[in-house]
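> Following is a predicted model, sequence given first.
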Amino acid sequence: MILPNDLGRQFALHAGEYEQKAVEVLRSGWYILGEEVKAFENEWANFIGSKYCVGLASGLDALWLSFKILGIGAGDDVIVCANAYIACVMGITINGANPVFVEPDKYNNIDASKIEAAVTKNTKAILAVHLFGQSCDMDTITAIAKKYGLKVVEDCAQSHGNKWKGKTVGSIGDIGCFSFYPSKGCGAFGDAGAITTDDKEIADAFRIYRNYGSEKRYYNKVVGANSRLDEMQAGLLRVKLRHLGELNAERCRLAGRYTEEIGNPLIELPEVRPGADSTWHQYVIRVREGKRDALIDYLKERGIGSIIHYPIPPHLSEAYAYLGKKKGDYPITERYASEVLSIPMFNGMTEDEQNAVIAALNSFR
Ligand SMILES: Cc1ncc(COP(=O)(O)O)c(C=O)c1O
């Protein structure tokens, strides 16, 4: 079976280094917020090109703590792409703020030309989700934010190291949010997250909020969270980061081959926005003529796995029934939900495996 993402392969590529680091951390006698976390925060800030990085427990924590720290909550609107992952929306609504959905463009990210029409007197921020490894149109987003005095939070969970016009995503908005969930580009070996920012006050606030709201042990300034990055994940992430350039390059090679060799009138291939590059977190095709689910079965019969990112858009999810949205409110998003399919794409994928995927896609009718 060819998995959509075989995580064992990326581990195997540098197994010795991970194992050595794991033993080092185990023997250190210090497991939460220590030297590994500090070192990783410095290295990640450098890699992104931001002044500060604060390690957290997850990408969702990075998001909801961002809006909390920016003072965005009940009565405030946050603009977000309607086809984003549901965690993006939860990052907004956990604080009581209201998500204002904007349709995606053909690159699967927010259609920046539709953002201005969605700005209300209550709008406080734009959440720019760089979905599937590709940057949003940050020029337009930044210009609208400036015009209306809005904050820009970047969700870079799926975009570790890709760029918008030469700037690494996560260094463009007020805060960059990262998930290091194992399947991500710089995936950890458990849950982990972080934020990046150039604003010292924001970075300091995250350090307080992530640890029960305390700066000094047992003296609590605010009601915070337990969102600490642990030493094991930070140490393993440092190893992964050393190899991220080559891992991203490998995914680009795999994506390049798919783009060159998949040819089927039923299949629409992903495109990269001018000015952006992609780290190909996913290779997402769209299947025409209502044949997506038939293609899933066809691939499965040939031992090939695939995933739908995402089958139910947030506005139609049970969790957001209270928003009162209905089918038809975001037709592009809903069409994508019925057409998209992520095909196998992972570090360590072999040529034979890719041959099999390409042959199956090309023979599908
Ligand atoms: C775009 C996006 N945002 C946020 C998250 C949430 O991250 P986490 O699972 O680390 O909470 C994820 C992934 O899981 C994601 O893909």
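Ah, there it is.
> In this structure, spot the strand with the most residues.
Longest among the strand segments of the chain by residue count, using DSSP state E, is strand 123-129.
> Show me what secondary structure element comes after that one.
Once strand 123-129 ends, the next helix or strand along the chain (criterion: DSSP states H and E) is helix 138-148.
> what distance separates the helix or strand just after that next one from the middle of the whole chain?
Per DSSP H and E, the first helix or strand lying C-terminal to helix 138-148 is strand 151-155. Centroid separation between strand 151-155 and its chain, computed with C-alpha atoms, centre = their mean, to the nearest Å, is 12 Å.
> mean confidence score for strand 151-155?
Averaged across strand 151-155, the pLDDT comes to 98.
> okay, the angle between that strand and strand 123-129?
Taking axes from the mean of the first three to the mean of the last three C-alpha atoms, to 10 degrees, one finds strand 151-155 and strand 123-129 inclined to each other by 20 degrees.
> So which bits of strand 151-155 are buried?
Of the residues in strand 151-155, 151, 152, 153, 154, 155 count as buried by neighbour count, 16 or more other C-beta atoms under 10 Å. Every C-beta, even on glycine, is put in place using the N, C-alpha and C of the backbone.
> What strands flank that strand, and is each parallel or antiparallel?
strand 123-129 (parallel), strand 175-179 (parallel) (DSSP bridges).
> Wait, residue 161 touches residue 244, no?
Yes: counting by C-beta atoms under 8 Å, residue 244 is a contact partner of residue 161 at 5.8 Å.
> quick one, which of the two is more surrounded?
When neighbours are counted by other C-beta atoms under 10 Å, residue 161 comes out ahead of the other of residue 161 and residue 244, with 20 against 16.
> Any idea how far apart the tips of stretch 209-227 sit?
8 Å (C-alpha to C-alpha, to the nearest Å).
> Show me what it is in contact with.
Contact partners of stretch 209-227, identified using C-beta atoms under 8 Å, 6 or more residues apart in numbering, comprise 33, 54-58, 61, 65, 68-69, 193, 207-208, 228.
> mean confidence score for it?
Averaging pLDDT along stretch 209-227 yields 95.
> quick one on the thing from earlier: mind listing the shared neighbours of residue 161 and residue 244?
Here residue 161 and residue 244 have 47, 185, 186 as joint contacts, going by C-beta under 8 Å, 6+ apart.
> quick revisit: report the two of the buried residues of strand 151-155 separated the most.
Greatest spacing in the buried residues of strand 151-155, by C-beta to C-beta: 151 and 155 (13.2 Å).
> Can you give me every residue that contacts the spatially closest residue to residue 112 that is not a sequence neighbour?
Nearest-residue entry for residue 112: residue 140, 3.6 Å, with adjacent residues in sequence omitted and distances by C-beta to C-beta, 6 or more residues apart in numbering. Residues near residue 140 by C-beta under 8 Å, 6+ apart: 112, 113, 115.
> List phi and psi for the nearest residue to residue 317 once chain neighbours are set aside.
Spatial nearest neighbour of residue 317, chain neighbours left out: residue 86 (6.0 Å); criterion: C-beta to C-beta, 6+ apart. Torsion angles at residue 86 (phi, psi; degrees, to the nearest 10) stand at phi -60, psi -30.
> residues contacting the residue of the stretch 1-150 of the chain found nearest the ligand?
Nearest to the ligand in the stretch 1-150 of the chain, going by C-beta to the nearest ligand atom, is residue 59, at a distance of 2.5 Å. If you count contacts by C-beta under 8 Å, 6+ apart, residue 59 has them with 87, 155, 157, 177, 178, 179, 180, 181, 193.
> now the closest residue to the fourth one other than its chain neighbours: how far from residue 228?
Of all residues beyond its chain neighbours, the one nearest residue 177 is residue 62 (3.7 Å), with distances taken as C-beta to C-beta, 6+ apart. Residue 62 sits at a distance of 13 Å from residue 228 (criterion: C-beta to C-beta, to the nearest Å).
> what residues do these two have in common as contacts?
Joint contacts of residue 62 and residue 228 (C-beta under 8 Å, 6+ apart) are residue 56.
> about what we covered before: the residue nearest to residue 177 and residue 192 touch, don't they?
No: at 10.1 Å, residue 62 does not count as touching residue 192 under the criterion of C-beta under 8 Å.
> so what's in contact with these two at the same time?
Common contacts of residue 62 and residue 192 (C-beta under 8 Å, 6+ apart): 56, 179.
> Give me the domain ranges for the chain.
Following automatic domain parsing, one finds the domains of the chain at 7-102+109-239, 243-363.
> Could you point out which of the ones you listed sits nearest residue 1?
The minimum distance between residue 1 and the domains of the chain falls on domain 243-363, with 5.1 Å, by C-beta to C-beta.
> Is there proximity between the closest one and the ligand?
No: Domain 243-363 is not in contact with the ligand by C-beta under 6 Å from any ligand atom; minimum separation 8.0 Å.
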